[in-house]
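> what's the 3D shape of this:
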Amino acid sequence: MKLSEKEKAARKAAFRAMGPGEKLGYVWEYYKWPILLGLVALLVLGSALHRNLTKKEPVLYLAMANVALGEDLQRDLTEGYLLEAGLDEKRQEVYLYLDLYLSDNADTLNHEYAYASKMKLMGAVSAQKLDLVLMNREAWDLLSRGGYLLELDSAGLSEALLPFLRENEVILSDNSIEYQLGEASEQIVEIRTAANALEVAAFPVFASAGFPEPVYLGLVANSPRTAACLDYLSYLISEE
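Just a heads-up that it's a prediction; the model follows:
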């Protein structure tokens, strides 16, 4: 209801006559919802501003597939590289996908975990947010056969890296589904080999990791940051 000028003047006079506590109570009683909404808006705005000011830009995305890393090694692979490359660790980062598990032979207990890891990895590849994968032999076999990895023999590797280059199988074509459905008279799988990973356990940065089995590092085929990946590999082979 709209107040008359006389009523407005009376309320102003009554407000001026109130003590400090009464004035606060009056304001809260009649204006608490605008105040609360204003505070919520300020919190949302402050949170968004904080995220923008502290958000780090990934210079590389690195996944760990069937490989566990200690905190010291994680720092070497992230902060150590940024320091060596002269990058600002407050604004940039090497983003890690930790604890991925890839397997075609996962038991019932690990099947859902393996499926979730595969979906996460495929989503990262599709979004071009995965550049390098550190993996054991099982994960390497799966990613190589699936065509996820870049051939490295012509990718501009430094001479220091060439002795660590390793080959694996890549499936060019496979009619297994058609054969199982009876749509093909015989199963034909066309395979070739490709040098698409480096065996890296002997690299200086991994020397104290104590991996129980060979560990491989591959570049994702559709990475838009191949030059940065090669620079990162040079860091790994030379890091002391």
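
> please, which helix or strand holds the closest residue in space to Y81 that isn't next to it in sequence?
Computed as C-beta to C-beta, 6 or more residues apart in numbering, the closest residue to Y81 that is not its neighbour in sequence is Y235, at 5.2 Å. Every residue, glycine included, has its C-beta placed from N, CA and C. Per DSSP states H and E: Y235 is located in helix 226-238.

> in the protein, which spans are strands?
57-65, 92-100, 132-135, 165-174, 189-199, 216-219 (DSSP state E).

> buried sites along the second one?
By neighbour count, and taking 16 or more other C-beta atoms under 10 Å as the criterion, the buried residues in strand 92-100 are E93, V94, Y95, L96, Y97, L100.

> ditto for the first one
For strand 57-65, the neighbour count (16+ other C-beta under 10 Å) marks V59, L60, Y61, L62, A63, M64, A65 as buried.

> out of those residues, flag the one nearest to Q128.
Of all the buried residues of strand 57-65, Q128 sits closest to Y61, with 8.8 Å by C-beta to C-beta.

> and the gap between that closest one and D131?
Relative to D131, Y61 is positioned 5 Å away (C-beta to C-beta, to the nearest Å).

> now for those two: what residues contact both?
Both Y61 and D131 lack any common contact, where contact means C-beta atoms under 8 Å, 6 or more residues apart in numbering.

> the helices in the protein, which residues?
Here the chain has its helices, by DSSP state H, at 5-17, 20-54, 71-77, 79-85, 108-126, 137-145, 176-180, 226-238.

> so the last one versus strand 189-199, what angle?
Using axes from the mean of the first three to the mean of the last three C-alpha atoms, to 10 degrees, the direction of helix 226-238 lies 50 degrees away from that of strand 189-199.

> use 41 as the first number for this chain going forward.
All set: I'll call the first residue 41, so the last point we hit is now helix 266-278.

> other SSEs contacting helix 266-278?
strand 97-105, helix 119-125, strand 256-259 (3 or more C-beta pairs under 8 Å, 6 or more residues apart in numbering; DSSP states H and E).

> distance between the shortest one and the chain's centre?
What that stands for is strand 256-259. 16 Å (C-alpha atoms, centre = their mean, to the nearest Å).

> any idea how far L257 is from the closest residue to A235 other than its chain neighbours?
Spatial nearest neighbour of A235, chain neighbours left out: D193 (4.3 Å); criterion: C-beta to C-beta, 6+ apart. Distance of D193 to L257, computed by C-beta to C-beta: 15 Å.

> repeat for L189
Taking C-beta to C-beta, one finds L189 at 10 Å from L257.

> just E124 next, same as before
Distance from E124 to L257, by C-beta to C-beta: 17 Å.

> of those two, which one has the most company?
Per other C-beta atoms under 10 Å, whichever of E124 and L257 has more neighbours is L257, with 26 against 15.

> hmm, that one is touching V173, no?
Yes - assessed by C-beta atoms under 8 Å, L257 is found in contact with V173 at 7.1 Å.

> one step back: can you list residues touching both of L189 and L257?
Joint contacts of L189 and L257 (C-beta under 8 Å, 6+ apart) are V173, A237.

> span of stretch 234-249 from start to end?
Distance between the two ends of stretch 234-249: 28 Å, counting by C-alpha to C-alpha, to the nearest Å.

> check the offset of that stretch from the chain's centre.
Relative to the centre of its chain, stretch 234-249 is centred 21 Å away, using C-alpha atoms, centre = their mean.

> so for it, what gets flagged as buried?
A234, A235, N236, A237, L238, E239, V240, A241, F243, V245, F246, A249.
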